[in-house]
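Q: Quick one, what's the 3D model for this:
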Amino acid sequence: LKRIIAAEDSKDDFATLRRTLGKMKTGAVQTLLIPDESSAEGTYKRIVDGDEITQLLLERNEQHFHQAHGTPFTQGELAKQLGRTGTGEAAEQILNGTFPIDDLHTTDATKALLRHLRRKEDFTEFDQHISGAEWLAGFKKWNENTSTSHFSGRDLSKYKALYKFPESKASQNDQAQEAEDHDMLFDIIAQIANLALTHEHPLQRWTKVVNTMLEKLPNNPRIDKLRVIHLFEADMNFFFGMLWNRRLVQHAEAHQALSQDQWGNRAGKNAIDAVLMKQFSFITAALTRTPLISFDKDAKACYDRMVMALVNLQAQQLGMPAQVCNLISNTSDATEYHLKTSMGVSTEFYKSTTDHPLYGAGQGKRDAPAGWLVLSTLLMEALTDKATGASFCDPRQTTTVHRAIDGYVDDVTAFTNNFETALQRTANW
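A: Down below sits the predicted model:
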């Protein structure tokens, strides 16, 4: 016991050193830099009062997750028909291809997205219920040091304790009974989550989330250079992640329904593949002395700006049951976001309202990468239909490949050229 206490004390000492000498790791903001309106542009003043820091960050985060407001799926006729969930009669018409898209007073880009949302005939919905065995397997793999469940106290250590029982000298029959009892506990957890899904209503404790703020720049707590991380209830985060990452993405990949231009958040694809494609394009243009135009773009705060009505539409096209979309959207709309600072977790919170709706899944949510994957592939498919893109052919001009865009999560590069015409011009020069 003394050794354990000594180890914990040493761990706390090193954590203090890391906070003092390096980048803030805990998300417990101690000071805050905000623009100094009374001084020259580009100067900041330091805020040290805990209550003022809390209020400023709550206001900042509320506005941060409101950034998507004003886009076509958040206001106007389209938003009114689809609502916050992206389900219902209008959504079914869009998915079935019967919605009067041409009658909408919106942009051509929005109409192009809606046309790409038509459900494929051979696509069926996947099974939305997660078994107790899947819950048990998932919690075994999850890193116990991950911060979760601040308000309820049902963190990962509690769930791991349900299957990590001590070695026993009992008979094999007794040990088998112990294992069966632990499996039964996870079956109960699964049944509770599946009931919430059936009724499209979140558990009360699922609607309380803690925001932690991480510095993007070491020792520079500028209010505009902080990253928001959500700390959710462990069971909710696991459940939603399983539905999106395991069920939806694997279902879509099995049907080859996702654009091959997105290289991030997918099995069998990685960042180096996207880089190599970009480099090969540049090398080919240089060797053939043909012009090539590329445009690099970073989708800023992509997880925080997703409009879930549009994401849910794409998810339903790929086989997501509407019940899942409704549960996740209802949970987000009911969620209260509290803030963690050096003074602890605030009692004050912000949440989505009718007058000031919030958007995005946020970083820290296990379904966010899959949400961005299906949304970004939809955008890429719509772009490919409209954009000229870039084409390359082999020396004999018997094989031609065409690409308009390559992306890795939120970083994308778009291309355009007129390869064969430029190649002929170069040959004749």
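
Q: Need the nearest residue in space to the most centrally placed residue in the chain, chain neighbours excluded.
A: Nearest to the geometric centre of the chain sits residue 368, at 1.9 Å (C-alpha atoms, centre = their mean). Distances taken as C-beta to C-beta, 6 or more residues apart in numbering put residue 361 closest to residue 368, at 3.8 Å, once the chain neighbours are dropped. Using the backbone N, CA and C atoms, a C-beta is placed for each residue, glycine as well.

Q: phi, psi of that neighbour?
A: phi -90, psi -30 (degrees, to the nearest 10).

Q: What distance do you get for it to residue 332?
A: Separation of residue 361 from residue 332 (C-beta to C-beta, to the nearest Å): 8 Å.

Q: cool, residue 307 as well?
A: Relative to residue 332, and taking C-beta to C-beta, residue 307 is found at 12 Å.

Q: which ones are touching the closest residue to residue 155 other than its chain neighbours?
A: If the residues on either side of it in the chain are set aside, residue 155 comes closest to residue 149, at 4.7 Å by C-beta to C-beta, 6+ apart. Residues near residue 149 by C-beta atoms under 8 Å, 6 or more residues apart in numbering: 155-156, 205, 231-234.

Q: From those residues, which land in helices?
A: The helices, defined by DSSP state H, take in 156, 234 from these.

Q: quick check, distance from the host helix or strand of residue 91 to the centre of its chain.
A: Using DSSP states H and E, residue 91 sits in helix 89-96. Relative to its chain's centre, helix 89-96 lies at 25 Å (C-alpha atoms, centre = their mean, to the nearest Å).

Q: what does stretch 404-415 give?
A: 17 Å.

Q: Show the end-to-end separation of that stretch, please.
A: Distance between the two ends of stretch 404-415: 5 Å, counting by C-alpha to C-alpha, to the nearest Å.

Q: Repeat that for stretch 399-409.
A: For stretch 399-409, the first-to-last residue distance is 29 Å (C-alpha to C-alpha).

Q: Next, the buried residues of it.
A: Residues 403-409 are the ones in stretch 399-409 that count as buried (16 or more other C-beta atoms under 10 Å).

Q: any chance of those residues in TSV, with secondary structure, distance to residue 416 and pLDDT too?
A: Shown next, in TSV, are the buried residues of stretch 399-409 (DSSP: H, G, I helix; E, B strand; the rest coil; distance: C-beta to C-beta, whole Å; pLDDT from 0 to 100):
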residue	secondary structure	distance to residue 416	pLDDT
403	strand	10	90
404	coil	8	93
405	strand	10	94
406	strand	13	94
407	strand	16	94
408	strand	20	95
409	coil	22	94
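
Q: what ranges do the strands span in this structure?
A: 32-35, 44-47, 208-215, 226-231, 293-298, 336-341, 344-350, 390-393, 400-403, 405-408, 411-416 (DSSP state E).

Q: Can I get those strands in CSV including distance to residue 256?
A: Shown next, in CSV, are those (distance: least, C-beta to C-beta, whole Å):
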stretch, distance to residue 256
strand 32-35, 48
strand 44-47, 50
strand 208-215, 36
strand 226-231, 32
strand 293-298, 26
strand 336-341, 38
strand 344-350, 41
strand 390-393, 22
strand 400-403, 17
strand 405-408, 18
strand 411-416, 21
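
Q: Residue 80: which of those is closest?
A: Residue 80 lies closest, by C-beta to C-beta, to one member of the strands of the chain: strand 344-350, at 24.5 Å.

Q: That closest one - which strands sit beside it in the sheet, and in what orientation?
A: strand 336-341 (antiparallel) (DSSP bridges).

Q: and for residue 361 and residue 332, which residues touch both?
A: With C-beta under 8 Å, 6+ apart as the test, residue 361 and residue 332 both reach residue 308.
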